[in-house]
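Undergrad: got a predicted model here, sequence first, then my questions.
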2 protein chains.
Amino acid sequence: MRVMGVDPGLTRCGVGAVEGRPGAPLSLVAVGVVRTGADEELGARLVGIEAGIERWLDEIRPDAVAVERVFSQHNVRTVMGTAQAAGIAILCAARRGLPVALHTPSEVKAAITGSGTADKKQVGTMVTRLLRLAEMPKPADAADALALAICHVWRGGAQHRLSQALSRATRRNPTR
Amino acid sequence: MRVMGVDPGLTRCGVGAVEGRPGAPLSLVAVGVVRTGADEELGARLVGIEAGIERWLDEIRPDAVAVERVFSQHNVRTVMGTAQAAGIAILCAARRGLPVALHTPSEVKAAITGSGTADKKQVGTMVTRLLRLAEMPKPADAADALALAICHVWRGGAQHRLSQALSRATRRNPTR
């Protein structure tokens, strides 16, 4: 399963893709950042993010896209731009009929490090280790995008196995 | 000047267009709502909003688009969806090279009613009166979209006259 993670942002939108399945080693497909200029108008920035995400989707051809779920408790000054960048990533994926999953920052941290309150460095260290990279991907947005993709491979797989098990149990015991 | 206003929302995205210029009577071009189902996935809803806004832009062919500026102080439960719907309206307009303006709710209320704290009914009443309509446009999102468009005609016009006056003054007195 090839998953593209997106850590949304107007100035830097992290993009990272991994290939893997639960219980097997993961591999890095690609990682980078879509940038737009802080001096550009909002409309031009959103057009730039759409074009950047489209190029990544064309190149990576993922089976699924995982986007960080944005909360209004985040930095109030930037949260609207972050939500809009996330919305455009979701739009681009959904237009292609790709499944889109949203994961919260604490779900991602818990999946990657075992702790929902891990700091950025710990997440970066684990991404580097899990993908057997020579050094930590930079900037942090790129590492976070990979963490999202890894989280989705593992959670998606776990959820898939759980729903398979539930459906087998239901078939055996239809009154459940 | 033909302006299309967008009152963003995931469930109901109000769209309304007016034709006019400052100091002259305004006329209604079209008004309506782009709806998506609350039971649909977020990705499908954003695709639906993009398609709806594109159809309105094709039909109305506005000179400018005015979108309500979303703040994180709004209803926390729905603000992320509202911000994403706004982002998609801005994206659609910017992709066509149309100028996009953001106006705050209090700027719109002040422009239409004279008070930045007017309620929805007062805004609806003034929209109905200014466009000489037989009855108030419904739902409120549609009336709010028209209010945004009217606000933009008036504010855009005032800003335009101000910049013309400044540029004339600068030509007369280039050391300013």
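TA: Yep, that arrived. Numbers count the residues shown, from 1 in each chain, chains lettered A, B, ... in the order given.

Undergrad: may I see the buried residues of the host helix or strand of residue A:110?
TA: In this structure, residue A:110 sits in helix A:105-113 according to DSSP states H and E. For helix A:105-113, burial by neighbour count (16 or more other C-beta atoms under 10 Å in any protein chain shown) applies to A:105, A:107-113. Placement of C-beta: from N, CA and C, glycine included.

Undergrad: residue A:126: what's it in contact with?
TA: A:112-113, A:147 (C-beta atoms under 8 Å, 6 or more residues apart in numbering or on different chains).

Undergrad: out of those residues, the closest to chain B would be?
TA: The closest of the contacts of residue A:126 to chain B turns out to be residue A:147 (C-beta to the nearest C-beta; 21.0 Å).

Undergrad: that closest one is in contact with residue A:125, isn't it?
TA: No: using C-beta atoms under 8 Å, residue A:147 makes no contact with residue A:125, being 10.7 Å away.

Undergrad: higher neighbour count, those two?
TA: residue A:147 (33 against 16; other C-beta atoms under 10 Å in any protein chain shown).

Undergrad: could you say which helix or strand contains the residue nearest in space to the middle of chain A?
TA: Residue closest to the average C-alpha location in chain A (C-alpha atoms, centre = their mean): residue A:5, at 2.6 Å. Under the criterion of DSSP H and E, residue A:5 resides in strand A:2-7.

Undergrad: that strand vs chain B: in contact?
TA: No: between strand A:2-7 and chain B, judged by C-beta under 8 Å from any C-beta of the partner chain, nothing touches; the nearest distance is 12.5 Å.

Undergrad: and the angle from that strand to helix A:105-113?
TA: Strand A:2-7 and helix A:105-113 meet at an angle of 130 degrees, taking axes from the mean of the first three to the mean of the last three C-alpha atoms, to 10 degrees as the criterion.

Undergrad: quick one: strands adjacent to strand A:2-7?
TA: strand A:12-19 (antiparallel), strand A:64-68 (parallel) (DSSP bridges).

Undergrad: any chance of the ones you listed in TSV, plus distance to residue B:135, mean neighbour count and mean pLDDT?
TA: Putting the strands paired with strand A:2-7 into TSV (distance: least, C-beta to C-beta, whole Å; neighbours: other C-beta atoms under 10 Å in any protein chain shown; pLDDT from 0 to 100) gives the following:
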stretch	distance to residue B:135	mean neighbour count	mean pLDDT
strand A:12-19	45	25	98
strand A:64-68	42	26	97
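
Undergrad: the ones you listed: which one's closest to residue B:63?
TA: strand A:12-19 (30.7 Å; C-beta to C-beta).

Undergrad: contacts for that closest one?
TA: Contacts of strand A:12-19 (C-beta under 8 Å, 6+ apart): A:1-7, A:26-35, A:49, A:52-53, A:56, A:60, A:62, A:85, A:89, A:131, A:137, A:139-150, A:153.

Undergrad: repeat the analysis, applying 6 Å as the threshold.
TA: A:2-7, A:26-27, A:29-35, A:49, A:56, A:60, A:62, A:85, A:141-142, A:144-146, A:149-150 (C-beta atoms under 6 Å, 6 or more residues apart in numbering or on different chains).

Undergrad: in strands, which of those fall?
TA: Judged by DSSP state E, the subset of the contacts of strand A:12-19 located in strands is A:2-7, A:27, A:29-35.

Undergrad: redo those as JSON lines? Include pLDDT.
TA: Output for the ones in strands among the contacts of strand A:12-19, formatted as JSON lines (pLDDT from 0 to 100):
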{"residue": "A:2", "pLDDT": "97"}
{"residue": "A:3", "pLDDT": "98"}
{"residue": "A:4", "pLDDT": "98"}
{"residue": "A:5", "pLDDT": "98"}
{"residue": "A:6", "pLDDT": "98"}
{"residue": "A:7", "pLDDT": "97"}
{"residue": "A:27", "pLDDT": "97"}
{"residue": "A:29", "pLDDT": "98"}
{"residue": "A:30", "pLDDT": "97"}
{"residue": "A:31", "pLDDT": "97"}
{"residue": "A:32", "pLDDT": "97"}
{"residue": "A:33", "pLDDT": "98"}
{"residue": "A:34", "pLDDT": "98"}
{"residue": "A:35", "pLDDT": "97"}
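
Undergrad: so which pair among the residues you listed is furthest apart in space?
TA: Most distant of the ones in strands among the contacts of strand A:12-19, by C-beta to C-beta, are A:27 and A:35, 25.6 Å apart.

Undergrad: which among the contacts of strand A:12-19 count as buried?
TA: Looks like the contacts of strand A:12-19 have A:2-7, A:26, A:29, A:31-35, A:49, A:56, A:60, A:62, A:85, A:141-142, A:144-146, A:149-150 buried, using 16+ other C-beta under 10 Å.

Undergrad: name the residues of chain A found near chain B, please.
TA: For chain A, the residues in contact with chain B (C-beta under 6 Å from any C-beta of the partner chain) are A:42-43, A:46-47, A:70, A:72, A:76, A:79-80, A:83-84, A:87, A:90-91, A:94-95, A:100.

Undergrad: now the buried members of these.
TA: The buried subset of these - by 16+ other C-beta under 10 Å - is A:42-43, A:46-47, A:70, A:72, A:79-80, A:83-84, A:87, A:90-91, A:94-95, A:100.

Undergrad: which of those residues fall within helices?
TA: If you go by DSSP state H, those have A:42-43, A:46-47, A:79-80, A:83-84, A:87, A:90-91, A:94-95 in helices.

Undergrad: show me where chain A dips below the pLDDT cut-off.
TA: Confidence mapping of chain A against pLDDT under 70 gives the ranges A:72-76, A:157-176.
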